[in-house]
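Colleague: Just need the structure, nothing else, for what follows:
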Amino acid sequence: MAKLEYLYDKILRTIPIVKDVDPNEWTITNSMMYIAYKYKEKFGQDFVFTFDSVPSKCIEYKMTSRCWMMLGAKAGDGSIVKGYVDWFYGDYKGKRRFTSMGALAKPNLISEYKEVKSKPVEVKTAAVLPGDIVVVLQQFEDSSYIKTYGDLYFFMENLKSDKELNLKFDPIKNKMVDAGFNFDVLNQII
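Modeller: This next block holds a predicted model:
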């Protein structure tokens, strides 16, 4: 039992600092700790882990892994999971706090999240971009200042005349699409 306590103590100490880790460097364990961090932020209590097996075989790890799978996230796609967790806690409709990470791993909830993410939105230039998209943009020095749809629109217009910058930005565009961003929305800015 002492070995289990050591392993859990080691990862539980990362809960307060996981918010500072770049989501695109997250592992399943990091996202599990982020869920626990958001739990404490929302309900004012620590999330209670089962501690029945090594962390990578506990039920919480399996449920978090299931979320990754249903969201279509792979290594380097932690911003997708972060976006979902932020949405889940921001839109939590339960009458009481949940006691299992299985609450996040429900197929109908993940489908609802994907549907909400795919709905077209009326966009104004001053509207703030979704948090997971801002995280992706911060990975690229030239786009790290972008916070609004207007900022992104003007940046994308500048890319049309700068082929070198456009080539450097391609991987970021791909990550944005993977995170659910639809570039067509920039043509609808009011």
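Colleague: how about stretch 98-116: buried residues?
Modeller: Neighbour-count burial for stretch 98-116, with 16 or more other CB atoms under 10 Å as criterion, is recorded at 101, 103-105, 109-110, 113. (Glycine included, C-beta is placed from N, CA and C.)
Colleague: whoops, I mixed them up, stretch 177-190
Modeller: Buried residues in stretch 177-190, counted by 16+ other CB under 10 Å: 178-181, 185-186.
Colleague: Run through who's touching that stretch.
Modeller: With contacts defined as CB atoms under 8 Å, 6 or more residues apart in numbering, stretch 177-190 is touched by 77, 79-80, 83, 114, 117-118, 120-125, 130, 132-133, 136, 149-150, 152-153, 156, 173, 176.
Colleague: Restricted to helices, list those.
Modeller: 79-80, 83, 114, 117-118, 132-133, 136, 149-150, 152-153, 156, 173, 176 (DSSP state H).
Colleague: Now for these: which two are most distant?
Modeller: Lys114 and Gly150 (26.2 Å; CB to CB).
Colleague: Most neighbours among the ones in helices among the contacts of stretch 177-190, please name it.
Modeller: The residue in the ones in helices among the contacts of stretch 177-190 with the most neighbours, by other CB atoms under 10 Å, is Val136 (29 neighbours).
Colleague: Could you check the pLDDT of it?
Modeller: Val136 is assigned 86 on the pLDDT scale.
Colleague: so it touches Lys173, yeah?
Modeller: No. With contacts counted by CB atoms under 8 Å, Val136 stays clear of Lys173, the gap being 9.2 Å.
Colleague: helices and strands around the helix or strand containing Tyr37, which ones?
Modeller: For Tyr37, the element it lies in under DSSP states H and E is helix 28-43. Here helix 28-43 touches helix 2-12, helix 59-71, helix 78-90, going by 3 or more CB pairs under 8 Å, 6 or more residues apart in numbering; DSSP states H and E.
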